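**Student:** Take a look and give me a structure for this.
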Amino acid sequence: MLKFFVIAAVVSSATSSPENPVLKQLIEHGISMGDGQVVKLPPPTMRDGLDVSGQQEVLTRIAAPSRRVADLVRKSVVSPFVLKLDDATGTDPKHLVRSIDLWFVAYGRLEWFSQQEFLQRLVETAEASKQGRLPFEKGILDHNEMKRLGLSFEDGPERLERYFFSTFGLFDRVLVSATRRVVVTRGPESVVVAAVIDPRFTKSTTHPNQWRPVQRDEGGELKLGPPHDYEAAGLYAKVTQLKEPSGALFIEYHHVFEEPEAWFKGTALLRSKLPMVVQDGVRKLRRRLLEIEKPE
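**Tutor:** The predicted structure follows:
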């Protein structure tokens, strides 16, 4: 679920990105939470079609009040990032909504984010920091499996659609499984990667959307409790090529998900771990982009 901690309305100009249906779902229609409330993700901070001055204004707004633009755009693996974490409760306090908003700058090639290699690496590193004694699984449904399940997809020069599945543990307290519809769209100056849990998999026998409590027996061995449906999570990232400095990419990430009270008994365990998880993810992505640029 917490993956690729690494995009406002779409402008109708020659520089605009193609429409991304998952992004549109997230920011216009939102995600239904367990208590019935609907939560929408914010629109992209950096819209397409901005000139140098417009992009700098966005960077200045993101950096304020405790950062300088010069620090954000510094070409370094350890350059600062801006992270905003928020919690919200609806009509039922047992259904906590967590949101993550992240902004940072990296250096590399924009086109890499729309390639299959990037998507494969996203899956390979997903939830890696949370592996423990619980089952761990991840992958991308291939075309044959998608056809067998009756899933439609459309690939093209500006669009890539896939279905990701993963099963991972959170601090040996809960086991989460989810299958997400992921659509990647590429425009002249940006790439959008948007993902949402697909409810068609909620009762799947192979890749269900569910969470299970983790219990310990008298010998200390971990045992899984009964499954509960889980559909309330969605995220997107937008990567925008900056006009200045040369080679700089502005990356923003927005993620909303429900954290049932039963996961951690209402404590802030997960939230307390997020800043270090995000820092690690940002630095790994920056290193990977630098590796790609190295001559063979």
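**Student:** Take stretch 235-245, keep the C-alpha atoms, and write them as CSV.
**Tutor:** Output for stretch 235-245, consisting of C-alpha atoms alone and laid out as CSV, is shown next (Å, rounded to 0.1, in the frame of the first residue of the first chain):
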residue,chain,number,x,y,z
LEU,A,235,-2.5,7.3,-5.1
TYR,A,236,-0.8,9.1,-8.0
ALA,A,237,2.5,10.6,-8.8
LYS,A,238,3.3,13.2,-11.4
VAL,A,239,6.8,13.8,-12.8
THR,A,240,7.3,17.1,-14.6
GLN,A,241,10.3,18.1,-16.6
LEU,A,242,11.5,21.5,-15.3
LYS,A,243,12.7,24.1,-17.7
GLU,A,244,15.4,25.1,-15.2
PRO,A,245,17.7,23.7,-13.9
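**Student:** For the protein, just list every one of the helices.
**Tutor:** Secondary structure of the chain by DSSP state H: the helices cover 21-24, 52-63, 69-72, 116-125, 143-148, 261-264, 269-293.
**Student:** Tell me which of the ones you listed approaches Ser204 most closely.
**Tutor:** helix 143-148 (11.5 Å; CB to CB). (Each C-beta comes from the backbone N, C-alpha and C, glycine too.)
**Student:** what does that closest one contact?
**Tutor:** Under the criterion CB atoms under 8 Å, 6 or more residues apart in numbering, residues Phe153, Tyr163 lie in contact with helix 143-148.
**Student:** 10 Å - rerun?
**Tutor:** Helix 143-148 is touched from outside by 139-142, 151-153, 155, 161-163, 165, 206-207, with contacts defined as CB atoms under 10 Å, 6 or more residues apart in numbering.
**Student:** Quick one: low-confidence residue ranges for the stretch 51-200 of the chain.
**Tutor:** Applying pLDDT under 70 to the predicted model, the residue ranges of the stretch 51-200 of the chain that meet it are 89-91, 120-132.
**Student:** Indicate which one of the helices of the chain is closest to Val196.
**Tutor:** Distances from Val196 to each of those were compared using CB to CB; the shortest belongs to helix 21-24, at 5.4 Å.
**Student:** Counting by contacts, list what that closest one packs against.
**Tutor:** For helix 21-24, the helices and strands in contact under the criterion 3 or more CB pairs under 10 Å, 6 or more residues apart in numbering; DSSP states H and E are strand 159-170, strand 174-186, strand 190-197, strand 233-241.
**Student:** State the distance from Pro275 to Val77.
**Tutor:** When distance is defined by CB to CB, to the nearest Å, Pro275 is 17 Å away from Val77.
**Student:** returning to that earlier point: going by distance to Trp112, which of the contacts of helix 143-148 wins?
**Tutor:** Distances from Trp112 to those, taken as CB to CB, are shortest for Arg162 (16.1 Å).
**Student:** Assess the claim that the closest one and Val184 are in contact.
**Tutor:** Yes - under the criterion of CB atoms under 10 Å, Arg162 is in contact with Val184, at a separation of 8.0 Å.
**Student:** can you list residues touching both of these two?
**Tutor:** Gln116, Leu119, Asp155, Ala195.
**Student:** Can you tell me how far the second one is from Val105?
**Tutor:** With the distance defined as CB to CB, Leu119 ends up 22 Å from Val105.
**Student:** And for the first one?
**Tutor:** The spacing between Gln116 and Val105, counted by CB to CB, is 25 Å.
**Student:** Looking at these two now, which is surrounded by more residues?
**Tutor:** In this view Gln116 and Val105 are compared by other CB atoms under 10 Å, and Val105 has more residues nearby, 25 against 12.
**Student:** from what I can see that one touches Ile251, true?
**Tutor:** Yes - with contacts counted by CB under 10 Å, Val105 reaches Ile251, the gap being 7.1 Å.
**Student:** Quick check: neighbours shared by the two?
**Tutor:** Residues touching both Val105 and Ile251 by CB under 10 Å, 6+ apart: Phe81, Thr240, Val282, Arg286.
**Student:** measure the closest residue to the first one other than its chain neighbours to Phe201 for me?
**Tutor:** Excluding the flanking residues, the one nearest Phe81 by CB to CB, 6 or more residues apart in numbering is Phe104, at 3.6 Å. For Phe104, the distance to Phe201 (CB to CB) stands at 31 Å.
**Student:** quick one: which of the shared contacts of Val105 and Ile251 is most hemmed in?
**Tutor:** Neighbour max across the shared contacts of Val105 and Ile251 (other CB under 10 Å) = Thr240, 27 neighbours.
**Student:** Surely it and Met46 touch.
**Tutor:** Yes - with contacts counted by CB under 10 Å, Thr240 reaches Met46, the gap being 4.7 Å.
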